[in-house]
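Novice: Fold the following, please.
(chains A, B, C and D)
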Protein chains: 4
Amino acid sequence: MVEEKFRECIALCYQCADACDHCATSCLREDHVKAMAACIHLDRFCAEICRTAASFMAKSSTTGHEGYVTEICGLCAKICDDCAEECEKHDHEHCAACAAACRQCAAVCRKMAA
Amino acid sequence: MVEEKFRECIALCYQCADACDHCATSCLREDHVKAMAACIHLDRFCAEICRTAASFMAKSSTTGHEGYVTEICGLCAKICDDCAEECEKHDHEHCAACAAACRQCAAVCRKMAA
Amino acid sequence: MVEEKFRECIALCYQCADACDHCATSCLREDHVKAMAACIHLDRFCAEICRTAASFMAKSSTTGHEGYVTEICGLCAKICDDCAEECEKHDHEHCAACAAACRQCAAVCRKMAA
Amino acid sequence: MVEEKFRECIALCYQCADACDHCATSCLREDHVKAMAACIHLDRFCAEICRTAASFMAKSSTTGHEGYVTEICGLCAKICDDCAEECEKHDHEHCAACAAACRQCAAVCRKMAA
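Specialist: Here you go, the predicted structure:
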């Protein structure tokens, strides 16, 4: 098991990555895709940074090399907040779910980065 | 949320990826690293394919394009089993945890690929 | 440097990943995004499998463990061909460039997988 | 093709990712793996951030959303320099090649981040 310190943050990063990937796929199937272009675009960056942050934490060791957790989680929090802000503009259920996952992930990443 | 059909498999893929990344990091800190070289090597491939499989499932839509779930989960199951077989040769706690996560992930990926 | 055997295939995988990522971003900025939805969707899978295949080859050793090159390159070839087929339906320059990169990558991956 | 502005940086990121992955694999096959543990560990982070940075740049659009290029390239430069510093301690050919690739990548990423 990965170190206790990182578990919650890793879990929320994965939840956010999945919500973003699912949101992008769902946006592409909406009638008005054009209106969702910014949302899809941000979902792509957010899903990728969330999985990278989780991977960095899983590889980290608190008693050895910490693995750039501060930096990657700080950047992850920023992208999550941007993605949430865009998702919150739309009424789709997948956007609301994605926004909530992004906000949760951003909050915990920001604490991890502090 | 991602589609119900994929949730368990995605969760086990992430659990396995984390166990592999943590196992590799822990192996590198053991006294006899040389004996762990094959384990570390396989952990690297297994962590990466598990996160890729999870990402593919999160992007998939059962009512639209299925996103190569059969193929990626089939390959993931194979690598997980190879990684488990190597981990099972070692007595370290992180290897045992990794082997268990790999076996669980392989079983569910194989069902998903069927 | 990575092993000679893999260099061309790795280079074409990266070229294809970049073309797919750029194509998706460009599709999202077209007037008729709805018509590009399938293209964007496939671009996402194709970019990811191409970078994973390149990463697997870079980690491989022809005198040691080959790193699942056959399997990952076989799957990569399949997704590249699907992505090319979709891109070839559209007149945009970024789709044509993407289709060409996908076909080149598929051909070399298929040889590597043989 | 991805935008002109990003091409050199993307190419050097991939070259560095491959050098890191190959270095880690080669380190694992050396007689004195224990001495290479820090090198292998840093190689893992460096390869991953390099591919992520390349992916972010390929998805970016200079006339639209820039895709966090400043942030991801800044972090990439930092990890590349750390990895180079560790690789430079060792006499192996793969470490020297990796160190050189890391230094080149760091220099261009730092310019991109400025």
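
Novice: Would you mind listing what in chain A touches chain C?
Specialist: Contact residues, chain A versus chain C (Cβ under 8 Å from any Cβ of the partner chain): A:24-25, A:28-29, A:31-34, A:36-37, A:40-41, A:44. In short, each C-beta sits where N, CA and C put it, glycine included.

Novice: what about A:Val33, distance to chain B?
Specialist: 13 Å (Cβ to the nearest Cβ, to the nearest Å).

Novice: Which pLDDT value belongs to that residue?
Specialist: A:Val33 is assigned a predicted lDDT (pLDDT) of 92.

Novice: Just want the phi and psi numbers for it.
Specialist: Dihedral angles of A:Val33 (phi, psi; degrees, to the nearest 10) stand at phi -60, psi -40.

Novice: Which of the residues of chain A next to chain C fall in strands?
Specialist: Among those, DSSP state E puts none in strands.

Novice: what two of these have the greatest distance between them?
Specialist: A:Asp31 and A:Arg44 (21.0 Å; Cβ to Cβ).

Novice: the more surrounded of those two?
Specialist: A:Arg44 (25 against 8; other Cβ atoms under 10 Å in any protein chain shown).

Novice: That one: what's it in contact with?
Specialist: For A:Arg44, the contacting residues are A:20, A:24, C:24, C:44, D:59, by Cβ atoms under 8 Å, 6 or more residues apart in numbering or on different chains.

Novice: Need these in a markdown table (columns: pLDDT).
Specialist: Listed next are the contacts of A:Arg44 as a markdown table, based on pLDDT from 0 to 100:
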| residue | pLDDT |
| --- | --- |
| A:Cys20 | 98 |
| A:Ala24 | 97 |
| C:Ala24 | 97 |
| C:Arg44 | 97 |
| D:Lys59 | 96 |
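
Novice: now that we have these, which one has the most neighbours?
Specialist: A:Cys20 (33 neighbours).

Novice: before we move on, the earlier item: among the contacts of A:Arg44, which one lies nearest to D:Glu88?
Specialist: D:Lys59 (32.4 Å).

Novice: Which strands and helices lie in contact with the helix or strand hosting A:Cys9?
Specialist: According to DSSP states H and E, A:Cys9 maps onto helix A:4-27. Under the contact definition 3 or more Cβ pairs under 8 Å, 6 or more residues apart in numbering or on different chains; DSSP states H and E, helix A:4-27 sits against helix A:37-59, helix A:69-87, helix A:93-113, helix B:4-27, helix B:37-59.

Novice: Tabulate the ones you listed in a markdown table, adding columns for distance to B:Cys76.
Specialist: Shown next, in a markdown table, are these (distance: least, Cβ to Cβ, whole Å):
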| stretch | distance to B:Cys76 |
| --- | --- |
| helix A:37-59 | 15 |
| helix A:69-87 | 24 |
| helix A:93-113 | 24 |
| helix B:4-27 | 7 |
| helix B:37-59 | 4 |
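
Novice: Can you pull out the low-pLDDT segments for chain A?
Specialist: Along chain A, the parts satisfying pLDDT under 70 run over A:62-65.

Novice: Report the contact partners of the closest residue to A:Ala17 other than its chain neighbours.
Specialist: Residue nearest to A:Ala17 in three dimensions, not counting chain neighbours: A:Cys50, with 3.9 Å by Cβ to Cβ, 6 or more residues apart in numbering or on different chains. For A:Cys50, the contact set (Cβ under 8 Å, 6+ apart) comprises A:13-14, A:16-17, A:20, A:76, A:80, A:105.

Novice: distance of A:Cys50 from chain D?
Specialist: 11 Å.

Novice: hang on, the earlier thing: can you flag the buried ones in the residues of chain A next to chain C?
Specialist: Among the residues of chain A next to chain C, the ones that count as buried by 16 or more other Cβ atoms under 10 Å in any protein chain shown are A:24-25, A:28-29, A:33, A:36-37, A:40-41, A:44.

Novice: For A:Leu12, which residues are in contact?
Specialist: With Cβ under 8 Å, 6+ apart, A:Leu12 has these contacts: A:101, A:104-105, A:108-109.

Novice: separation between the nearest residue to A:Ala38 once chain neighbours are set aside and B:Ala35?
Specialist: Nearest non-adjacent residue to A:Ala38, counting by Cβ to Cβ, 6+ apart: A:Glu86, 5.4 Å away. Remark: distance between A:Glu86 and B:Ala35 (Cβ to Cβ, to the nearest Å) = 50 Å.

Novice: More neighbours: the two, which one.
Specialist: A:Glu86 (21 against 13).

Novice: Help me confirm that the more buried one comes into contact with A:Met36.
Specialist: No: using Cβ atoms under 8 Å, A:Glu86 makes no contact with A:Met36, being 9.4 Å away.

Novice: what does chain A have sitting close to chain B?
Specialist: So far as Cβ under 8 Å from any Cβ goes, chain A lies against chain B at A:1-3, A:10, A:14, A:17-19, A:21-22, A:24-26, A:29, A:47, A:51, A:54-55, A:58-61, A:64, A:97.

Novice: Now with 7 Å, please.
Specialist: Those residues of chain A that sit near chain B, judged by Cβ under 7 Å from any Cβ of the partner chain, are A:1-2, A:10, A:14, A:17-18, A:21-22, A:25, A:29, A:51, A:55, A:58-59, A:61, A:64, A:97.

Novice: among those residues, which ones are buried?
Specialist: A:2, A:10, A:14, A:17-18, A:21-22, A:25, A:29, A:51, A:55, A:58-59, A:61, A:97.

Novice: And for A:His92, the neighbour number?
Specialist: Neighbours of A:His92 (other Cβ under 10 Å): 15.

Novice: gap between it and chain B?
Specialist: If you measure A:His92 against chain B using Cβ to the nearest Cβ, the figure is 13 Å.

Novice: Quick check: the gap between that residue and A:His22.
Specialist: From A:His92 over to A:His22 (counting by Cβ to Cβ), the distance is 11 Å.

Novice: do A:Cys87 as well
Specialist: Distance from A:Cys87 to A:His22, by Cβ to Cβ: 12 Å.

Novice: looking at it, A:Glu66 is touching A:Ser60, isn't it?
Specialist: Yes: with contact defined as Cβ atoms under 7 Å, A:Glu66 and A:Ser60 form a contacting pair (5.4 Å).
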